[in-house]
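K.L.:
with the sequence up front, the predicted model follows.
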Amino acid sequence: MSAVLDFRELRDKVLAGEMDEDEEPVESAGKMEFTSNEVIIPLCGGVGLLGGLAYDTWVNHGGMFGGALGKGLLALSGLLLGVAGGTYRRGMEAQTEKDRYEKLLDESQSVIEEQQEELESLEAENEEKEAEEQAEAENSYQYDYLNAEDSFFHGPSLGMGVSAFGQEGVLYRPKQTDMPW
């Protein structure tokens, strides 16, 4: 009966939304770029200058920022808004490019892992074949006396272990026959 109660408790938590606390909210790329200092400072400066100019024009009828000063401040606010917009656009392009590179890296990593698995399987097959060949060679009781690996154990029979002045070991290779005796 306790398993049923645990299930009901879990269902109640899910329905109440208590299980959603584990997930972190992910900020969108646009929000990240918009809240960066490189965008927000020129944006606030441009909007502030435009607000001041608008206030002066409608309330003071151009008394405070009249003439060339008003036009210069208007150009400066346009420049600040342009800088903010350009920075935002470049940041968004950088975010999309970053996402593309991450996707490309993930795909290339999966391809590399697949190729490594293939190489490992081929190496395992080659090792098995070599082990079979070596086991077959070890089980063979015929030796090739001219082969350095086989004749190492038969050095005295070749005269290699016996030193005598002017004498050399006689190398003999038996005829190749398919008969084991």
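P.N.:
On my side now, so go ahead.
K.L.:
please make it C-alpha for all contacts and neighbour counts, starting now.
P.N.:
Noted.
K.L.:
how about the helices in this protein?
P.N.:
Along the chain, the segments classed as helices by DSSP state H run 2-16, 29-34, 37-58, 68-139, 148-151, 155-158.
K.L.:
turn these into a markdown table, columns for distance to residue 178.
P.N.:
Compiled in a markdown table, these are given as follows (distance: least, C-alpha to C-alpha, whole Å):
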| stretch | distance to residue 178 |
| --- | --- |
| helix 2-16 | 74 |
| helix 29-34 | 76 |
| helix 37-58 | 85 |
| helix 68-139 | 15 |
| helix 148-151 | 19 |
| helix 155-158 | 24 |
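K.L.:
now render those as a markdown table, adding mean neighbour count.
P.N.:
Listed next are the helices of the chain as a markdown table, based on neighbours: other C-alpha atoms under 10 Å:
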| stretch | mean neighbour count |
| --- | --- |
| helix 2-16 | 11 |
| helix 29-34 | 15 |
| helix 37-58 | 17 |
| helix 68-139 | 14 |
| helix 148-151 | 13 |
| helix 155-158 | 15 |
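K.L.:
next, format those helices as CSV and append mean pLDDT.
P.N.:
Listed next are the helices of the chain as CSV, based on pLDDT from 0 to 100:
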stretch, mean pLDDT
helix 2-16, 66
helix 29-34, 84
helix 37-58, 92
helix 68-139, 90
helix 148-151, 56
helix 155-158, 51
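K.L.:
and residue 128, what is it in contact with?
P.N.:
Neighbouring residues of residue 128 by C-alpha atoms under 8 Å, 6 or more residues apart in numbering: there are none.
K.L.:
swap in residue 45?
P.N.:
Going by C-alpha under 8 Å, 6+ apart, residue 45 touches 77, 80.
K.L.:
repeat that for residue 49.
P.N.:
Listed by C-alpha under 8 Å, 6+ apart, the contact set of residue 49 reads 73, 74, 77.
K.L.:
recalculate using a threshold of 6 Å.
P.N.:
Contact analysis of residue 49 by C-alpha atoms under 6 Å, 6 or more residues apart in numbering lists residue 77.
K.L.:
against residue 30, how distant is it?
P.N.:
24 Å (C-alpha to C-alpha, to the nearest Å).
K.L.:
what does residue 12 give?
P.N.:
For residue 12, the distance to residue 30 equals 36 Å [C-alpha to C-alpha].
K.L.:
so residue 56 touches residue 62, yeah?
P.N.:
Yes: applying C-alpha atoms under 6 Å as the test, residue 56 and residue 62 come out as touching, 5.3 Å apart.
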